[in-house]
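Peer 1: Sequence and computational prediction follow.
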Amino acid sequence: MGRVGLQLAERLAPALTLKGVSKRYGSVVAVDDVQLVVRPGEFFTLLGPSGSGKTTLLRLIAGFERPDHGRIELAGRDVTWVPPYARSTNTVFQDYALFPHMTVSDNIGYGLTVKRVAVEERRRRVSQALSMVRLSGLGSRRPSQLSGGQRQRVALARAIVNEPEVLLLDEPLGALDLKLRQEMQVELKRIQREVGITFIYVTHDQEEALTMSDRIAVLAQGKIRQLGSPVDLYERPASEFVAGFIGVSNILERDGRRVMIRPEKVQILLPGENAPPGVHLEEGEVLETIYAGPITRHVVRLTQGGQLAVVQQNLERPTETTDLRHQMVRVSWRLDQAFLIASAEDRGSTDESARDHKATQIGGGSR
């Protein structure tokens, strides 16, 4: 294949391909036969609890670890045994590791200096990176003169300025407070869209993953348990593990089947309120009511067995009617919002959306 043909093939190839990748540490299986394809320009998130294998997987992609089995490809090229410095990747860590004695501009341009990029070209790219992360005019400052969010932006600019094919981010927002973290989630997504680089992001924060990702791989015990868009995973979880890990889920057993309903899909009907047609209805006692400003959370013990967490927005009802503790109420949900779900052992579906999980009619239908 000629040079032009090779370049075209690389552009058309997936940004990342993992073929049967496994990694053990003694008797512990950290990554277990992972198969994965990440598309060019995608914001892809590896999501899972501590010990799920997500950081190990990121280190394998970066080249900091070597797999025991399997193959790693970047843009169609086998890089399984290629050292980190020879891969077209950069990594942003939670610890930004900025050089304290260097200015912001020098920190950002350090990689270009090592590569002996010409001075003028280096200045141009550093200036462009500063503008992209909205730090123009701060290039002469030291890291100690910046806020936590600004230092995070410098670390991101330092990685982007090298123009990697794939940018790896290992929980980079973990050290920020909640408000700043939420702001940076929006900024990261904006930057990713502008530069068009493939982002592979590691987090244990479900909200972070849902907010930023094009697709998410949910990991547990070194395996991908489900792969799909944020909507797919939240609305159509393939197992009880995924349903419980991404958001809050109600799991009920009815007629020998396990069914999942999200708390915001459930409506509490007060005495005198009529249910919409075609919904499933059950009775129960409100055990707890928690007022949280824009929403109120309820816990309802159902007469047919089980408990429901219910989240209601405080839109129409006056606040004095939100405390329903010890009251008998009816709860309802639409049949297409309750899904059959796999067992707690997780049957390991990695379908793009688990669209075969059909809405179920519980306990004999609507009433």
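Peer 2: Looks like it arrived, so ask away.
Peer 1: only C-alpha atoms for contact and neighbour calcs from this point on.
Peer 2: Fine.
Peer 1: Surely Phe199 touches Leu168?
Peer 2: Yes. Look at Phe199 against Leu168 with Cα atoms under 8 Å: they come within range, at 6.0 Å.
Peer 1: Looking at those two, which has the bigger crowd around it?
Peer 2: Set Phe199 next to Leu168 and count neighbours by other Cα atoms under 10 Å: Phe199 wins out with 28 against 25.
Peer 1: So the more buried one: helix, strand or coil?
Peer 2: Secondary structure, DSSP: H, G, I helix; E, B strand; the rest coil: Phe199 is strand.
Peer 1: how about it, what does it touch?
Peer 2: Gly41, Glu42, Phe43, Phe44, Val166, Leu167, Leu168, Leu169, Gln192 (Cα atoms under 8 Å, 6 or more residues apart in numbering).
Peer 1: Read off the pLDDT value for the nearest residue to Arg66 once chain neighbours are set aside.
Peer 2: Nearest non-adjacent residue to Arg66, counting by Cα to Cα, 6 or more residues apart in numbering: Leu60, 5.9 Å away. We have a pLDDT of 97 for Leu60.
Peer 1: ok, Leu60 - how many residues close by?
Peer 2: Residues near Leu60, counting by other Cα under 10 Å, number 21.
Peer 1: Could you check how far the strand or helix carrying it is from the centre of its chain?
Peer 2: Assigned by DSSP states H and E, Leu60 belongs to helix 54-62. Relative to the chain's own centre, helix 54-62 is displaced by 15 Å; criterion: Cα atoms, centre = their mean, to the nearest Å.
Peer 1: Show which residue of this structure lies farthest from the average position.
Peer 2: In terms of distance from the mean C-alpha position of the chain, Gly272 ranks first, at 41.9 Å (Cα atoms, centre = their mean).
Peer 1: From Leu47, how far out is that one?
Peer 2: 44 Å (Cα to Cα, to the nearest Å).
Peer 1: Could you do Leu335 as well?
Peer 2: Counting by Cα to Cα - Leu335 and Leu47 are separated by 29 Å.
Peer 1: Name the residue in the two with the higher neighbour count.
Peer 2: Leu47 (27 against 18).
Peer 1: So that one sits against Asp205, correct?
Peer 2: Yes. Between Leu47 and Asp205 there is a contact under Cα under 8 Å: 7.4 Å.
Peer 1: pretty sure the residue farthest from the centre of the chain belongs to a strand, no?
Peer 2: No. Using three-state DSSP, the assignment for Gly272 is coil, not a strand.
Peer 1: how far does stretch 107-127 stretch from start to finish?
Peer 2: 12 Å.
Peer 1: And for stretch 265-282?
Peer 2: OK, stretch 265-282 end separation, Cα to Cα: 14 Å.
Peer 1: what does stretch 159-179 give?
Peer 2: 24 Å.
Peer 1: next one: stretch 331-341
Peer 2: The first and last residues of stretch 331-341 sit 21 Å apart, counting by Cα to Cα.
Peer 1: contacting residues around Ile216?
Peer 2: Shown in contact with Ile216 (Cα under 8 Å, 6+ apart): Phe44, Thr45, Leu46, Leu47, Ala209, Leu227, Gly228, Ser229, Pro230, Leu233.
Peer 1: Outside of the top helix by length along the chain itself, which residues are in contact with it?
Peer 2: When the chain is parsed with DSSP state H, its longest helix is helix 178-195. Helix 178-195 is contacted from outside by Gly41, Phe43, Met132, Val133, Gly149, Leu173, Gly174, Thr198, Phe199, Glu208, Thr211, Met212, using Cα under 8 Å, 6+ apart.
Peer 1: Could you rerun that using 10 Å?
Peer 2: Helix 178-195 is contacted by residues 41-43, 129, 132-134, 148-150, 152-153, 156-157, 160, 163, 167, 172-176, 196-199, 207-209, 211-214 when judged by Cα atoms under 10 Å, 6 or more residues apart in numbering.
Peer 1: Among these, which lie within helices?
Peer 2: Under the assignment DSSP H, the contacts of helix 178-195 contribute 129, 132, 148-150, 152-153, 156-157, 160, 207-209, 211-212 to helices.
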